[in-house]
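Here you go, sequence then predicted model.
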Amino acid sequence: MPKVVTAGKRTIKPKLGQHFLSDAGAVAQIINALGDFSGKTVLEIGPGKGVLTAPLARKARRLIAIELDRVLSAQLRMRFALLSNVEIIEADVLAVDFDGLFAPKPGSTRPGMEIVHDPVEVVGNIPYYITSELLLRLFAYRKYFGTLVLMVQEEVADRITAKAGKSEYGIFSATAQLYAQVEKLFSLPPSAFTPPPKVDSAVIRLTIAPRFEELNVPEKEFVDFLRLSFAQKRKTLWNNLKDKYSSDHLRSAFDAAKVKSTARAEELSLEKSAALFRAL
Ligand code: SAH
């Protein structure tokens with residue numbers, strides 16, 4: 001059971017990353033960052049006490065909010081009981097069945113017909129410790145999603161949006177930028193939350209736009225290749241890759257892709273990494 005601390009009348013579970021947004025301006029900025037979502041389905045992750053849920057519920061055609069905390073989800077369900085477009089689900093977002101939620105129901109399409117879904121917009125002031133696992137999961141189910149607007153730790157926002165060649169660029173940046181167009185929108189100090197977290201925060205927007213076709217690489221193999229490229233930060237790209245490829249093989253591929261043998265993985269743009277991957 002997570003440790004529980006009592007703050008005033010409420011019980012807060014720090015283990016669930018509960019830092020409730022208390023800055024009205026930031027709430028408005030997050031809602032605006034989603035663009036026009038009237039008529040759309042919105043997925044909210046970690047609604048907490050509902051500070052984002054309320055304005056989302058006013059406009060979304062369908063709002064699905066996933067909250068792990070039993071007490072909070074029960075409170076939200078009571079609060080929004082009269083709104084037929086709002087569904088509160090008590091679940092772990094890392095385990096929830098997205099196919100069950102978003103796949104077209106059997107019988108709703110004719111066999112062989114390609115159906116185009118309206119993408120689900122995703123928003124959340126999420127618990128920071130699940131950021132990377134959550135993003136990977138959202139990317140895996142990307143066929144359902146359009147734009148993701150997420151509050152993350154500022155340092156993570158900087159890594160996700162870093163360009164190749166910058167010191168913050170790493171496997172997290174490369175993966176995110178492979179699946180989405182990434183933007184850092186604005187930063188928030190700890191005082192924007194109750195209770196305040198120990199770190200600064202930032203809101204990022206990811207617009208799902210996988211680049212595998214354009215880069216002419218197969219998804220799984222290329223993601224594995226990037227993981228291997230960045231396996232050990234202190235090593236050169238060559239040294240990380242030589243666990244898997246022979247020196248001769250590496251030499252000809254580095255030449256063909258015009259990559260220096262002393263290069264580090266973080267210096268390569270996704271285009272360059274893809275060229276090297278194809279040459280191998
Ligand atoms: N969006 C609210 C709450 C943010 S705090 C606000 O801005 O005020 C993060 C919320 O995520 C908490 O309510 C916490 O209970 C919930 N949470 C933590 N882990 C979760 C998980 N794995 N799945 C769904 N919700 C989770």
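Perfect, thanks for sending it. The model shown is predicted, which means the values in this text are computed figures rather than measured ones. Numbers count the residues shown, from 1 in each chain.

Tell me the gap between whichever strand or helix holds residue 156 and the middle of its chain.
For residue 156, the host element (DSSP states H and E) is helix 154-161. The chain centroid and the centroid of helix 154-161 are separated by 12 Å, computed with C-alpha atoms, centre = their mean, to the nearest Å.

In terms of secondary structure, what does that helix contact?
Packing contacts for helix 154-161, counted by 3 or more C-beta pairs under 8 Å, 6 or more residues apart in numbering; DSSP states H and E, involve helix 131-140, helix 171-179, strand 180-188, strand 201-208. C-betas here are computed from N, CA, C, even on glycine.

Let me know which of these is the nearest to the ligand.
The ligand lies closest to helix 131-140 among the helices and strands packed on helix 154-161, at 8.0 Å (C-beta to the nearest ligand atom).

Tell me how many other residues surround residue 260.
11 (other C-beta atoms under 10 Å).

Can you tell me how far the residue lying closest to it once chain neighbours are set aside is from residue 45?
Closest residue in space to residue 260, ignoring its immediate chain neighbours: residue 254 at 7.4 Å, by C-beta to C-beta, 6 or more residues apart in numbering. According to C-beta to C-beta, to the nearest Å, residue 254 and residue 45 sit 41 Å apart.

for residue 168, what are its contacts?
158, 159, 162 (C-beta atoms under 8 Å, 6 or more residues apart in numbering).

This protein against the ligand: which residues are in contact?
16-21, 45-49, 51-52, 66-69, 72, 92-94, 125, 127, 130 (C-beta under 6 Å from any ligand atom).

The nearest residue to residue 70 once chain neighbours are set aside: neighbour count?
Closest residue to residue 70 apart from its sequence neighbours, by C-beta to C-beta, 6+ apart: residue 90 at 6.1 Å. Counted with other C-beta under 10 Å, the neighbours of residue 90 add up to 16.

what do you get for the one 10 residues further on?
For residue 100, the count of nearby residues is 8 (other C-beta under 10 Å).

And residue 95, by the same measure?
Residue 95 - counted by other C-beta under 10 Å - has 9 other residues nearby.

likewise residue 235?
16.

so what's it scoring on pLDDT?
Looking at residue 235, its pLDDT is 94.

now do the one 5 residues further on
As predicted, residue 240 sits at a pLDDT of 97.

unless I'm mixing things up, residue 18 is touching residue 48, no?
Yes. The pair residue 18 / residue 48 is scored as a contact, 6.5 Å apart, by C-beta atoms under 8 Å.

Now do the helices in this protein.
Listed in chain order, the helices of the chain (DSSP state H) span 24-33, 53-59, 70-79, 98-102, 131-140, 154-161, 171-179, 212-215, 219-229, 237-241, 247-256, 270-279.

wait, which of these is closest to residue 86?
Taking C-beta to C-beta, helix 53-59 is the member of the helices of the chain nearest to residue 86, at 4.9 Å.
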